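Trainee: Sharing a model that was predicted from the sequence below.
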Protein chains: 4
Amino acid sequence: MANWERETRMDYESKGFAVSSGFGKKPALLVVDFIIGFTDSSTPLGGDFSSQLAVTARLQTAFRKSGLPIVYTTVEYKEDLSDGGVFVKKIPSLGILRKGSPNCAVDERIRPLPGELVISKNYASSFFGTDLDSYLRGQNVDTLVITGCTTSGCVRASAVDSLQYAYHTIVVRDGVGDRAEGPHEANLFDIDAKYGDVISGDEVLNYLRGSAESGFSSGTREDFEAWWNEGRKAPA
Amino acid sequence: MANWERETRMDYESKGFAVSSGFGKKPALLVVDFIIGFTDSSTPLGGDFSSQLAVTARLQTAFRKSGLPIVYTTVEYKEDLSDGGVFVKKIPSLGILRKGSPNCAVDERIRPLPGELVISKNYASSFFGTDLDSYLRGQNVDTLVITGCTTSGCVRASAVDSLQYAYHTIVVRDGVGDRAEGPHEANLFDIDAKYGDVISGDEVLNYLRGSAESGFSSGTREDFEAWWNEGRKAPA
Amino acid sequence: MANWERETRMDYESKGFAVSSGFGKKPALLVVDFIIGFTDSSTPLGGDFSSQLAVTARLQTAFRKSGLPIVYTTVEYKEDLSDGGVFVKKIPSLGILRKGSPNCAVDERIRPLPGELVISKNYASSFFGTDLDSYLRGQNVDTLVITGCTTSGCVRASAVDSLQYAYHTIVVRDGVGDRAEGPHEANLFDIDAKYGDVISGDEVLNYLRGSAESGFSSGTREDFEAWWNEGRKAPA
Amino acid sequence: MANWERETRMDYESKGFAVSSGFGKKPALLVVDFIIGFTDSSTPLGGDFSSQLAVTARLQTAFRKSGLPIVYTTVEYKEDLSDGGVFVKKIPSLGILRKGSPNCAVDERIRPLPGELVISKNYASSFFGTDLDSYLRGQNVDTLVITGCTTSGCVRASAVDSLQYAYHTIVVRDGVGDRAEGPHEANLFDIDAKYGDVISGDEVLNYLRGSAESGFSSGTREDFEAWWNEGRKAPA
């Protein structure tokens, strides 16, 4: 934690910031940009997000067993980058994300099931120019649990829009990652102060287990409990 | 500058981030939330932004003399805060911004002229739920020069949307402010790396002076030059 | 009814169009552009909407007695019309709707109460460039009951967006009006076929009376019943 | 033409409606929903749009030879229709448009080239929940020429949004079609009165030929002229 954080946080709390906004009634899991171009540390955009992917995989299983929606995002541009606007000018290395490139595929460690939505976007926010909000509303989702990368980029932008689009917003501290620790911490700080609650993956799992309102059918609850009691492992 | 910034910046630059996206053809000035509730340091939301207001006042004069649009934002809620969604739950002190309160008025030091647009918003981004984009497009604006507060809040959110809405985005380093230095610097770092160019107010003034494409009529150019040669003062 | 309507409607119904989408759980009333510029038939934009205003006034009372939100829209442009884009080029008579003009005021017959939201818009859809959706979501509204004018203009555009923004959409046949009968009927036909249910004001009143889910408190129910039994009059 | 149209039109014109808004500086061609599900008259959603497809094919060639962008839309839903919201409830036959179905493919007669954008949407407007606007802005497009189907559905909704998103809007009278003549004519009437200019495909071709500003390179101009002089045929 940067040395300014503790003091600023105390100042914020004394002034009516950073109150918990909590969960609503029905959460969905949003997995932001865990695609090869970002999760393979040999690419210019990439980093090592192994532990964050492991946390995401556990949450993925828990959401599936709870019958709750999961949405993944990817970034894809046309061959001529004509759909990248000023963004590809500012960050030319985005050019490795051409439609059809393996870089645009969701990481195998959290492979989407058929029927789970994978949204293609061109910009930072998962909401911008996509049907994410429309889909979530159709599912009566009012809470978004966010993992992915990077904290200072697409995660932050998606979290701000998540609040603006009226979702209770939860960012999973150990499920989001960045290329460097400084921006990671600074952005979690801002998010927790102003846009959503920053909590651990285990806290989300506990919420799912405890919630009577989170859409468990009696069938899936037993299934969920069994998985829980066996140690909450992601599937091999 | 936090100790992580230099190293991370070098890493970014080596990997194709943080290239300058520059100015387009016609800039507008966006003054974010320089309203009493934020500029009076005695309120729970407020800070001392005197120097940033002075920089903004100079830019305001330069944009007026150049015949270029200026837009101001304010934040206003209904008496019952029913238009504040999860945001007013997360930051209860936003409650001082009830419609009609003096806190919602633009600071006198940069008072809008009749005919300049003041946009009321409820959330962080100046674009969310407002006609900002629509207005700017109608004016053929393709570049947004941003001042205001706070860097880590509404300025950052507006800068991200500015890029997403296809504007060349310029954030004025000495024209934006925050309650604390840590979030201020960390957010300027992210913005400059990914969303827009972070430059000084003087650099913007120089651009305006030098630009043949920035909408000067022959009349206003002389007026602008006179003001420039007299020391670029904001009006008394 | 134009002679093509019956036949086309039968064709539609045989092919899986025009199914009722009904009410959701919590309706709001949206009163589109019942402002002097449109309701005073002496203006170039105006027509005689007395009967539609009377229907709207009854619904207004019923929604108030039910504790359900009401939103009004108006259209307002800057003095130089710079916020009117191509729209004011296509329909120059929109120029009578300058901010501050009496033409922009909601008609006295359905005067908003303090605390009821009046949204200013520049275009046809009540959702475009406004915080309408944001406000409704904050109130957990999932159904929009629409009255106002004109059927072929802002009512149609708002009804299409209402569906797109995930609201159950109800257009009140005798609460919406147009300058001419042809466009009025043709647009109600399209709306009922594709976007929402077109029903009478009395059907909406019956729904409100019968609904156990529409947000009545025990207090307001008695009040509502009394008003109902006294003949459903709008207040003098 | 329905008998109300002439009279209403005269009334409109006398009152400052229906002025031509014309072309801007750079047009794109938007081909709305000319997919098998709509162009094969044996489906419940379909009709015979052969002549409109032929007009579109000629425009397609002209836009390609002019180096101007072309965008196509399709409608696609998830297997469980969970991304169709209230729309698939109102029009259950939309269920034939499951992702992967041949019904969702653009008609062979106007097959997109690799590199031309095909946008997938879930609702009526081509702008809703898509990156259409973002893409067009990145190309500096300010004018949208619209063909496709149906006039009373997705064409109308897209034309209204086209105006709202600040585009000069041109709807090609003989390039758009509907299942029935009544709604077709009534919607062209509304569009021409309020949202955009309704002109013929030949008028668009003449504009492209005559325009010095429409993006012709010297190379493509000769190519365009040759094609023009050979009879403006779509390729075999």
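Mentor: That came through, no problem. Numbering: from 1, shown residues only, chains lettered A, B, ... in the order given.

Trainee: and chain A, which of its residues are near chain D?
Mentor: Residues of chain A lying near chain D by C-beta under 8 Å from any C-beta of the partner chain: A:78-80, A:82-85, A:115, A:117, A:121-123, A:128-131, A:133-135, A:137-139. All C-beta atoms are positioned from the backbone trio N, CA, C, and that covers glycine.

Trainee: If we use 7 Å, what do you get?
Mentor: Applying C-beta under 7 Å from any C-beta of the partner chain, we find that chain A lies next to chain D at A:78-80, A:82-83, A:85, A:115, A:117, A:122, A:129-131, A:134-135, A:138-139.

Trainee: which of those sit farthest apart?
Mentor: Pairwise distances among those were taken by C-beta to C-beta; the largest, 35.2 Å, belongs to A:Asp80 and A:Gln139.

Trainee: Just want to know which of those two has more residues nearby.
Mentor: When A:Asp80 and A:Gln139 are compared for neighbours, A:Gln139 comes out ahead with 17 against 9, by other C-beta atoms under 10 Å in any protein chain shown.

Trainee: Show me the shaky parts of chain A.
Mentor: By pLDDT under 70, the weakly predicted segments of chain A are A:1-2, A:212-220, A:234-236.

Trainee: What residues does it have near chain B?
Mentor: A:2, A:4-5, A:8, A:11, A:15-17, A:19, A:21, A:44, A:85-87, A:89-93, A:123-125, A:128, A:152-153, A:157, A:160, A:163-164, A:166, A:168, A:180-183, A:186, A:189-190, A:194-195.

Trainee: mind running it again at 6 Å?
Mentor: Neighbours of chain B within chain A, by C-beta under 6 Å from any C-beta of the partner chain: A:2, A:4, A:8, A:15-17, A:19, A:21, A:44, A:85-86, A:89-93, A:123-124, A:128, A:152-153, A:157, A:160, A:163-164, A:166, A:168, A:180, A:182, A:186, A:190, A:194.

Trainee: ok, and for stretch A:115-123, which residues are buried?
Mentor: By 16 or more other C-beta atoms under 10 Å in any protein chain shown, the buried positions in stretch A:115-123 come out as A:Glu116, A:Leu117, A:Ile119, A:Lys121, A:Asn122, A:Tyr123.

Trainee: Quick check: of those, which lies closest to D:Leu53?
Mentor: Taking C-beta to C-beta as the measure, D:Leu53 lies nearest A:Asn122 of the buried residues of stretch A:115-123, at 29.9 Å.

Trainee: Okay, now stretch A:80-93: how far is its last residue from its first?
Mentor: 14 Å (C-alpha to C-alpha, to the nearest Å).

Trainee: How far does that stretch sit from its chain's centre?
Mentor: On the basis of C-alpha atoms, centre = their mean, to the nearest Å, stretch A:80-93 sits 23 Å off its chain's mean C-alpha point.

Trainee: Stretch A:121-138 now?
Mentor: Per C-alpha atoms, centre = their mean, the centroid offset for stretch A:121-138 relative to its chain is 13 Å.

Trainee: Check the gap between A:Asp40 and chain B for me.
Mentor: A:Asp40 is 13 Å from chain B, where distance means C-beta to the nearest C-beta, to the nearest Å.

Trainee: So for that residue, what's the nearest residue that isn't a sequence neighbour?
Mentor: A:Gly46 (4.7 Å; C-beta to C-beta, 6 or more residues apart in numbering or on different chains).

Trainee: about what we covered before: in strands, which of the residues of chain A next to chain D fall?
Mentor: Under the assignment DSSP state E, the residues of chain A next to chain D contribute A:Leu117 to strands.

Trainee: Does stretch A:114-131 reach chain C?
Mentor: No: against chain C, stretch A:114-131 shows no contacts by C-beta under 6 Å from any C-beta, the least distance being 10.2 Å.

Trainee: got the end-to-end distance for that stretch?
Mentor: Stretch A:114-131 has an end-to-end distance of 18 Å (C-alpha to C-alpha).

Trainee: who touches it?
Mentor: A:32, A:70-76, A:83, A:87, A:112, A:132-133, A:153-154, A:157-158, A:161, B:160, B:164, D:122, D:129, D:131, D:134 (C-beta atoms under 6 Å, 6 or more residues apart in numbering or on different chains).

Trainee: on that earlier part again, looking at the buried residues of stretch A:115-123, spot the one nearest chain D.
Mentor: A:Asn122 (5.8 Å; C-beta to the nearest C-beta).

Trainee: The closest one and chain C: what is the separation?
Mentor: Using C-beta to the nearest C-beta, A:Asn122 is found at 21 Å from chain C.

Trainee: How about A:Ala105?
Mentor: Applying C-beta to the nearest C-beta to A:Ala105 and chain C gives a distance of 30 Å.

Trainee: Could you report the neighbour count for that residue?
Mentor: Neighbour count for A:Ala105, taken as other C-beta under 10 Å: 16.
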